[in-house]
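1. sequence and predicted model, in that order:
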Amino acid sequence: MAAINPPPLIPGMAAPPALVNPPTVTDAKVAEEYHIRIATQCRLHVPGFTDQMYIDSKIYSNEVLAAVALNAVPQNVALAGAPLWAQQLNARMAQVDQNVQQTSQQLQQQMQQLQQQMQQLGNRFQQITDVVDDLKLIVIRASNIIKCGGAPGNALEVIPVLDPVVGAVVNPDNLSAAAGGPLPLLLASEDPRNLTDAELQAYLTGYNLQGAGNRAIDQATLMQHLGIV
């Protein structure tokens, strides 16, 4: 334990008992109570109690408290025999470092929770988008079914295809060449039958439909997807 200056001796006032080694919380409380007693007498201007006594008792109380706090954290061997103020500073820095680590861990946990919430929100948004796309497809199919039963001049609704090259849905006539485009628009019920094998396959791929390797079956699959009956 680093040397601690003794408390000021006041005539007629019992001095604190000798400190144990290392000082305990009880020692710190006794030192603080001794200082409070002297401070009270100084505030009341009791004869014999001076400002220097107040200062000395405060220094004593602080040094005891610092020694107790220092023993509450692991000792740094490199500071053995160092001045008390250096040991106090090291103890405070160790506490600051611990607080920083705790705050960093809390921030990391909050960031992970935020990322999870953002992922859940993104998944939910994708689900809503998929539902909307399905509803659009149902409406287009229903419209095409009605138009197929009407006059031959009624143009069918065009359903966009997925262009994997650009990562977006586009009109078939804007499909990139690398994806098999551009494709002729299917505006009449007989148009799917006029597609070449390559165009038919590009349409199936663009709509994520599984081909059977049979032209007639693949045409029927495409026409059913478009609402052509």
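-> Alright, I've got the coordinates.
2. this protein: helices as residue ranges?
-> 25-43, 51-71, 84-148, 197-206, 215-226 (DSSP state H).
3. show me where pLDDT drops low in the protein?
-> Counting by pLDDT under 70, the chain has low-confidence residues at 1-2, 72-83, 85, 87, 123, 125-154, 229.
4. report the central residue of it.
-> Per CA atoms, centre = their mean, the C-alpha nearest to the average position across the chain is that of M111, at 1.4 Å.
5. show me what contacts that residue?
-> Neighbouring residues of M111 by CB atoms under 8 Å, 6 or more residues apart in numbering: there are none. Heads up, the C-betas are built off the backbone N, CA and C, glycines and all.
6. so how far is Q105 from it?
-> 11 Å (CB to CB, to the nearest Å).
7. same check, this time on M13
-> From M13 over to Q105 (counting by CB to CB), the distance is 49 Å.
8. for E32, same thing?
-> E32 is 34 Å from Q105, by CB to CB.
9. beta partners of the spatially closest residue to A168 that is not a sequence neighbour?
-> Sequence neighbours aside, L162 is the residue nearest to A168 in space, at 7.7 Å (criterion: CB to CB, 6 or more residues apart in numbering). Beta-bridge pairing for L162 (DSSP bridges): V169.
10. pretty sure L162 contacts L204?
-> No - look at L162 against L204 with CB atoms under 8 Å: they stay out of range, at 11.4 Å.
11. those two: which has the busier surroundings?
-> L204 (20 against 16; other CB atoms under 10 Å).
12. what's the burial count for the closest residue to that one other than its chain neighbours?
-> Of all residues not flanking L204 in the chain, G211 sits nearest, at 4.8 Å (CB to CB, 6+ apart). Counted by other CB under 10 Å, the residues lying close to G211 total 15.
13. list the residues that contact the residue lying closest to A198 once chain neighbours are set aside.
-> Nearest non-adjacent residue to A198, counting by CB to CB, 6+ apart: G180, 6.3 Å away. The contact partners of G180, by CB under 8 Å, 6+ apart, come to 198-199, 201-202, 205-206.
14. kindly recompute the last result at 7 Å.
-> 198, 201-202, 205 (CB atoms under 7 Å, 6 or more residues apart in numbering).
15. ok, and the most crowded of these?
-> Ranking these using other CB under 10 Å puts A202 first, with 20 neighbours.
16. my read is that that one contacts L183, right?
-> Yes - between A202 and L183 there is a contact under CB atoms under 7 Å: 5.8 Å.
17. which residues are common contacts for those two?
-> What both A202 and L183 touch, as defined by CB under 7 Å, 6+ apart, is the set L175.
18. so which of the helices of the chain gets nearest P7?
-> helix 51-71 (4.3 Å; CB to CB).
19. hang on, the earlier thing: M13 and Q105: who's more crowded?
-> More crowded of M13 and Q105, by other CB under 10 Å: M13, with 14 against 10.
20. wait, what's in contact with the more buried one?
-> R37.
21. quick revisit: would CSV of the helices of the chain with distance to L19 be doable?
-> Formatted as CSV, the helices of the chain follow (distance: least, CB to CB, whole Å):
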stretch, distance to L19
helix 25-43, 5
helix 51-71, 7
helix 84-148, 13
helix 197-206, 86
helix 215-226, 90
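22. quick one: closest of those helices to G167.
-> Here helix 197-206 is closest among the helices of the chain (CB to CB), at 13.0 Å.
23. with that, I have no additional questions.
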